[in-house]
Each structure stands twice: as structure tokens, then as C-alpha cells.
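Engineer: take a look and give me a structure for this.
(chains A and B)
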Amino acid sequence: MTSRLLRWLIPLSAVPLLALLAYGFRVNPREVPSPLVGRPAPPFELQSFDGAPVALESQRGKVVVLNFWASWCYPACYEEAPVLERQWRAFRERGVVVIGVDIQDTVEAGRKFTRDFSLSFTNLRDATGKVSVDYGVYGVPETFFIDRRGRIRVKHVGAVTDEVFRTTVERLLSEPPG
Amino acid sequence: MRRARALAPLLLATLLAAAAPLGAGPAARPVTAQQVDDVAAQLRCVVCQNLSVADSPSEMAGQMRAIVRERLATGETPEQVVQFFVERYGEWILLSPRPQGFNLLVWLGPVVAVAVGLAVVGVLLARWTRRRAGAPAPAVVDPAMRERIRRETEAEP
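Structural biologist: Below you'll find the predicted structure:
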């Protein structure tokens, strides 16, 4: 009786372990859920490449697309820069703001990047890394979609595509403001 | 309230900017490198593979150490500083997961596995030794048979 039970029990005990492994191997370790989604976007004030201070608070009431990038982030940041510029031009009249934040970068390289892609939306420098930490940024590019009430609604890791930008922003614009 | 919250980082930045030339700053508590390291060692370097903030030479880790130092200097406890990072990055930032909830699996799993392993070994050992001890038992040979075996083996040459 015990021997028969044992014969089944030993291989069966491996099942939960295998299930756990199967689950573990299927999740993407790069996808770290952010605790900030649904919470108010941390306020900040940073300087643009021209030295002009820009505060997130001043954009309240608009849909803000906050994009963390770096000039050394190749190819993802190079792929999404034209997307951000194109989509910003498409949505700027509808109360959408795109703010780029250059992190872990030199002023020269960052400025060159904005020039190379003729970026016309606001680009700021996070020289101390404080804003990156406030947003829990662990790599570039990362993009936060902030609704008109100032809450982080979506965090997108990796290059933003036209599709992601458009659908997310349209969704946030369709919500009643305030 | 919202206004005050918005002003807080600005105020902090101004204070820090003012304090920077003085080194640690007037109101700041002295923080040793060891204290910074103790906190940084618990935090994952976010841009590295399997390195703590204390061990990583990356710029990001350096900035995170600066934040740790700064927050310790304002009087926060090491736990509060760790919590500051957890609120932003989630528990992912912790190199050793907190022993609670689902995380208990990784803390108790190995202990349970060793216990189960030992139990299986114990049961198997018990069975094997019982079988060996039981084996000679049926070898009850009656004297006549014994005598016959002796005769036949001795007659072998």
C-alpha cells in the first residue's frame, strides 16, 4: 500500500515544481510591473537643453506623454524618436504634450540627438537621475502616458510605435477631463 | 495641499543647491560610506545584470547611491530609504524578496524540498533495510535437509 502510494507520490511531487518553472519561463523578465500605474505622476521641474525650466505641473489638464531616452540608446530610441515627433505633430492641437527626458547622457550628445531628429517637442535633461528614480525608470526608452488628471495610466517599456501612441492617447483623450 | 506637494521637490532642490558648496550641508546628519553601502547593497542596480547598487560602477547606480546618502542625511532610517525605492520600482528593486505572501515560496520552498527529500530517503532506507533483515528469515532448513546439503557438498571433489 505505502509502496504503491510512494511510487506515485514521488513523480507527482515534481508537478507543482514543473508548473512553477513553466510559468516562470513564460513570463518576460524584462516586464517589471510598475507600482506607479494608476498613481499621480510624480511632479518635477527640469531644464531643457536651452536651460529653460519646465514643470510637469504646468501641463495639468493635458494628456502628457513622458518619454525617457538617451542618445546612446540604440536602436530603440532612434526608432521611436521620429514616431514621437510625428505623433506629437498630429496630436498637439488636441491637448496632447510630449515631453522627452534625456537620462544618463552628456549635454552635447543629447542636444545632437534632438537636432539629428529635428525634435520640436520639449526635451529636458535629468542630470542627477532623480526624476528617473521617481518614475522607477530602469532602462531606456520608457514612456509614461499621463491622463488629464495627472495620473500615470500606462507605462510602455521599449520603443513606442505609432499604433501604441495613437491608441493610448486616443483612449485618454476620450475620457472626460477633470 | 497639491501646491505644497508640487513645491516640495523644488524647495528640496533649492536647499540642496544651497548646501552643495558646503559639502554635507548644515542641517544634514553625517552619513558614513558604510551606511550608504548597507542600504545600496539591498538594492538592485536597475541597469545591470545581477549587481547591487553598492557594487555597480554604472552612472545610474552612482546617482542612486547619491539619493541614498541624501535621504539618510535628512534623517530617514535605512528602512525608509529602501521603502522609497520600493514605492517607485516595486519589490523588484530588492535583491532579496521580502518573506511574505507569494514570496514565502522562495524562502520556504528549499526548506520544504529538503524536508521532503529527507523523508523520502528515510522511507526508502527503512524499506531496504527491512527487506534485507527479512531475507534470511525464510531460510529455516530442517535438520535432514541440512545434513543432505552437507553430505553432497563434501562429496563434491
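
Engineer: identify the residue nearest A:L36 in space, chain neighbours excluded?
Structural biologist: A:I152 (5.0 Å; Cβ to Cβ, 6 or more residues apart in numbering or on different chains). C-beta: built from backbone N, CA, C; applies to glycine.

Engineer: just give me the neighbour total for residue 108.
Structural biologist: All of this is about chain A. Using other Cβ atoms under 10 Å in any protein chain shown, A:E108 has 10 neighbouring residues.

Engineer: switch to chain B, that's the one I care about
Structural biologist: Here the count is done by other Cβ under 10 Å, and B:L108 has 12 residues near it.

Engineer: in what helix or strand does it lie?
Structural biologist: B:L108 is located in helix B:104-134, with elements delineated by DSSP states H and E.

Engineer: my read: B:I67 touches A:S132, true?
Structural biologist: No: checked against Cβ atoms under 8 Å, the pair B:I67 and A:S132 is beyond contact range at 10.2 Å.

Engineer: bridge partners for the residue nearest to A:L36, pull those for me.
Structural biologist: Taking DSSP bridges as the rule, A:I152 bridges to A:I146.

Engineer: tell me, how many residues neighbour it?
Structural biologist: With other Cβ under 10 Å as criterion, A:I152 counts 21.

Engineer: do the same with B:V86
Structural biologist: B:V86: 17 neighbours (other Cβ under 10 Å).

Engineer: may I see the buried residues of the helix or strand that contains it?
Structural biologist: If you go by DSSP H and E, B:V86 is part of helix B:78-89. In terms of neighbour count (16 or more other Cβ atoms under 10 Å in any protein chain shown), helix B:78-89 has its buried residues at B:V81, B:V82, B:F84, B:F85, B:V86, B:R88, B:Y89.

Engineer: sec struct for the closest residue in space to the third one that isn't next to it in sequence, please.
Structural biologist: In space, not counting the residues next to it along the chain, B:F84 is nearest to B:R71; the distance is 6.3 Å by Cβ to Cβ, 6+ apart. Secondary structure, DSSP: H, G, I helix; E, B strand; the rest coil: B:R71 is helix.

Engineer: wait, isn't B:R71 in contact with B:V82?
Structural biologist: No: in this structure B:R71 lies outside contact range of B:V82 using Cβ under 8 Å: 10.0 Å.

Engineer: and the contacts of the following helix or strand past the helix holding B:L108?
Structural biologist: Heading C-terminal from helix B:104-134, the first helix or strand you meet, by DSSP H and E, is helix B:143-154. With Cβ atoms under 8 Å, 6 or more residues apart in numbering or on different chains as the test, helix B:143-154 has contacts from B:V141.

Engineer: any idea of the mean pLDDT for helix B:143-154?
Structural biologist: If you average the pLDDT over helix B:143-154, you get 88.

Engineer: beta partners of A:V98?
Structural biologist: Bridge pairing for A:V98 - DSSP bridges - gives A:V65.

Engineer: tell me the pLDDT at it?
Structural biologist: Here, the pLDDT recorded for A:V98 equals 97.

Engineer: count the neighbours of it for me.
Structural biologist: With other Cβ under 10 Å as criterion, A:V98 counts 25.

Engineer: ok, it to A:Y135 distance?
Structural biologist: With the distance defined as Cβ to Cβ, to the nearest Å, A:V98 ends up 15 Å from A:Y135.

Engineer: residue contacts, the residue nearest the centre of chain A?
Structural biologist: What sits nearest the mean C-alpha location of chain A, by Cα atoms, centre = their mean, is A:T143, with 2.3 Å. Residues near A:T143 by Cβ under 8 Å, 6+ apart: A:V65, A:L66, A:N67, A:F68, A:E80, A:K155, A:H156, A:V160.

Engineer: which one of those is nearest to B:L125?
Structural biologist: Taking Cβ to Cβ as the measure, B:L125 lies nearest A:K155 of the contacts of A:T143, at 54.1 Å.

Engineer: against A:L6, how distant is the closest one?
Structural biologist: Relative to A:L6, A:K155 is positioned 49 Å away (Cβ to Cβ).

Engineer: what does chain B put close to chain A?
Structural biologist: Neighbours of chain A within chain B, by Cβ under 8 Å from any Cβ of the partner chain: B:5-6, B:9-10, B:13, B:46-47, B:59-60, B:63-64, B:66-67, B:85-90, B:92, B:105, B:116, B:120, B:123, B:127.

Engineer: sorry, back to before: and the helix holding B:L108, what does it pack onto?
Structural biologist: helix A:2-26 (3 or more Cβ pairs under 8 Å, 6 or more residues apart in numbering or on different chains; DSSP states H and E).

Engineer: name the nearest residue to the closest residue to chain A within chain B, ignoring sequence neighbours.
Structural biologist: Nearest to chain A, among the residues of chain B, is B:Q63, at 3.2 Å (Cβ to the nearest Cβ). Take B:Q63 and drop its neighbours on the chain: the residue closest to it by Cβ to Cβ, 6+ apart is A:G129, 3.2 Å away.

Engineer: how about the helices of chain A, start to end?
Structural biologist: A:2-26, A:76-91, A:107-116, A:130-134, A:162-174 (DSSP state H).

Engineer: who's in contact with A:N67?
Structural biologist: A:N67 neighbours (Cβ under 8 Å, 6+ apart): A:E80, A:L84, A:V98, A:I99, A:G100, A:V101, A:P141, A:E142, A:T143, A:F144, A:V160.
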